[in-house]
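Asker: have a look at this fold, sequence not included:
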């Protein structure tokens with residue numbers, strides 16, 4: 001129908017509905033593009049020409065094929081209990097016994113916590129920026145393999161037999177490695193039951209030719225997904241896995257073998273940042289120093305396992321070999337630290353060449369030139385001085401590499417600064433253009449409506465106490481207004497503030513923690529952001545219609561619909577400002593070095609909420625109009641002729 005044939009009272013509402021439909025389509029497209037970039041993330045690290053310092057002619061990322069230090073163990077067994085938390089592991093008898101006799105601690109899972117990211121960290125010692133792991137999980141057939149050389153490939157290149165058993169994302173993260181190697185690098189036992197995994201692993205480990213074994217147990221993660229990470233079923237699954245670990249290690253000669261038990265990520269429903277989210281770490285063997293080593297990055301496991309086998313760290317590893325956990329002569333610790341330093345300096349050299357300044361390249365060249373000092377100390381028999389010189393070199397190289405990475409991220413943000421400022425200025429102009437009291441009240445109602453659900457979500461924001469303060473201010477304003485003018489709007493404003501406080505409590509209760517895994521798809525995103533936004537629409541829209549004053553004249557249904565549409569437009573404007581900030585920090589899609597992932601989560605969440613507001617906004621005006629026609633909203637004068645609206 002042409003707009004000219006629409007009654008004038010309805011034209012603003014219909015234009016608003018067309019605008020909301022466009023917002024729904026645009027945010028849906030943006031959400032899909034962003035989610036696809038998370039699943040198909042292409043890391044910058046593997047594209048750099050990282051070559052070993054001692055083999056400048058090697059293929060990029062290949063690493064050293066020779067042993068870099070005497071092997072500490074003839075066999076390393078890495079056991080990964082998917083989903084096992086550190087606090088749950090402490091209650092398991094077998095793991096508690098192993099922890100009491102060996103090195104123990106807690107592992108901080110690699111962000112963003114996807115299976116690909118955590119297993120990439122376990123197998124390469126590198127975060128997604130360097131391993132090429134996907135940032136959000138997807139079906140195995142769609143996930144791309146790791147781009148970095150893994151610990152398995154490094155062991156195989158050095159002539160060791162590497163094997164994988166049990167349940168894990170092998171078909172996706174290791175698919176490319178098998179093709180590149182020309183032959184399978186593992187026994188890929190896709191057992192449904194952990195008992196079959198244990199039997200297959202015991203059978204292979206009885207042969208002395210397996211130097212590296214990775215054993216994955218999936219029962220705990222499956223129980224957490226089906227019944228929750230705090231359920232009795234989760235605890236029983238953890239006890240079952242504990243029994244399988246006992247069976248696997250029965251009769252194992254710890255004089256020649258080292259066992260590492262950990263998890264890919266500790267599944268929990270506790271708030272983000274609590275200790276329960278960490279995975280356990282236990283390492284036991286003849287060369288292992290016993291004691292509590294506190295928290296450690298997940299990235300340190302692969303370099304430490306490599307050092308136990310006498311190998312240098314995987315070529316793109318960002319973790320370090322934990323020499324402090326090993327009871328080895330100073331010479332071995334020094335050789336391990338030298339191999340670590342050479343690898344970190346090689347990575348820094350490649351990153352400085354691609355992203356750094358001349359000073360970065362010069363500092364790196366000076367550090368490489370200083371490595372012979374460590375070699376001289378070793379040649380003179382001063383082995384303790386050798387590792388005391390090499391280990392700080394590793395830490396400084398890591399610090400400089402992080403500085404280069406942060407500057408690369410900042411350059412991307414700087415390139416979006418002017419468009420961001422222009423967008424914010426446009427939103428301010430749109431809000432202030434021909435401003436009216438009704439529009440100001442609508443923006444205020446929308447702000448209070450959104451703060452409740454926002455405060456229940458784990459995204460960075462300076463609004464921790466915003467809703468309680470806004471609700472208290474609304475209550476105070478209502479009481480003052482009521483006391484001074486005896487106006488019916490005062491009572492409605494007071495009710496709106498009280499409803500806002502109730503919305504905060506309800507939003508915090510029903511809203512789970514938001515992360516990239518739950519927000520990458522629309523269906524899961526509903527739980528992360530849409531339901532609280534629908535809550536804001538329901539109570540916020542009702543409060544806005546109840547609070548805002550207009551004159552009793554003309555088409556009542558059209559006025560109610562236009563007020564509801566204005567409320568939805570105010571919500572869109574506020575969410576657009578929030579989205580503009582997250583876009584400024586993270587971009588439309590995720591490429592290159594990663595910004596803080598909390599901004600990516602915030603962008604996904606805001607897109608989900610904008611979709612919800614746009615779709616809900618297509619319905620809310622018609623509901624308001626129907627309510628007005630049905631007499632739910634009755635016009636009356638209260639006190640003086642100032643007109644108000646009251647709820648029947």
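Answerer: All right, it came through fine. Treat the numbers as computed from the prediction; the structure is a model and nothing was measured.

Asker: got phi/psi on the spatially closest residue to residue 416 that is not a sequence neighbour?
Answerer: Closest residue to residue 416 in three dimensions, ignoring its sequence neighbours and counting by CB to CB, 6 or more residues apart in numbering: residue 584, at 5.1 Å. Glycine gets a C-beta too; all of them are placed from N, C-alpha and C. Phi and psi for residue 584, reported as degrees, to the nearest 10, are phi -60, psi -40.

Asker: and for the one 5 residues further on?
Answerer: In terms of degrees, to the nearest 10, the main-chain angles of residue 589 are phi -130, psi 160.

Asker: contacts only, for it.
Answerer: By CB atoms under 8 Å, 6 or more residues apart in numbering, the contact set of residue 589 is 33, 34, 36, 37.

Asker: give the residue spans of this structure that score low on pLDDT.
Answerer: 1-8, 55-67, 138-143, 167-173, 175-193, 208, 266-277, 435-442, 444-555, 631-648 (pLDDT under 70).

Asker: have a look at it and report its longest helix.
Answerer: In the chain, assigned by DSSP state H, the helix with the most residues is helix 383-415.

Asker: enumerate the positions of that helix that are buried.
Answerer: For helix 383-415, the buried set under the neighbour-count rule, 16 or more other CB atoms under 10 Å, comprises 383, 385-391, 393-394, 396-398, 400-401, 404-405, 408-409.

Asker: likewise stretch 238-257?
Answerer: 238-246, 248-249, 252, 254, 257.

Asker: helices or strands next to the longest helix of the chain in the packing?
Answerer: Identification of packing neighbours for helix 383-415 by 3 or more CB pairs under 8 Å, 6 or more residues apart in numbering; DSSP states H and E yields helix 330-355, helix 358-369, helix 371-379.

Asker: hmm, 6 Å instead?
Answerer: Judged by 3 or more CB pairs under 6 Å, 6 or more residues apart in numbering; DSSP states H and E, the packing partners of helix 383-415 are helix 330-355, helix 371-379.

Asker: to residue 95, which of those lies closest?
Answerer: Closest approach to residue 95 among the helices and strands packed on helix 383-415 is made by helix 330-355 (26.6 Å; CB to CB).

Asker: just list what that closest one packs against, helices and strands only.
Answerer: If you count contacts as 3+ CB pairs under 6 Å, 6+ apart, helix 330-355 packs onto helix 358-369, helix 383-415.

Asker: what's around the residue nearest to residue 416, how many residues?
Answerer: By the criterion of other CB atoms under 10 Å, residue 584 has 21 neighbours.

Asker: give me the distance between it and residue 590.
Answerer: 14 Å (CB to CB, to the nearest Å).

Asker: just residue 568 next, same as before
Answerer: 29 Å.

Asker: those two: which is more packed in?
Answerer: Just comparing residue 568 and residue 590: by other CB under 10 Å the higher neighbour count belongs to residue 568, 28 against 24.

Asker: hang on, isn't that one packed against residue 617?
Answerer: Yes: counting by CB atoms under 6 Å, residue 617 is a contact partner of residue 568 at 3.3 Å.

Asker: residue 51: which of the buried residues of stretch 238-257 is nearest?
Answerer: Within those, distances to residue 51 taken as CB to CB reach their minimum at residue 257, with 32.9 Å.

Asker: give the contact list for residue 582.
Answerer: When contacts are counted by CB atoms under 6 Å, 6 or more residues apart in numbering, residue 582 is found next to 599, 602, 603, 606.
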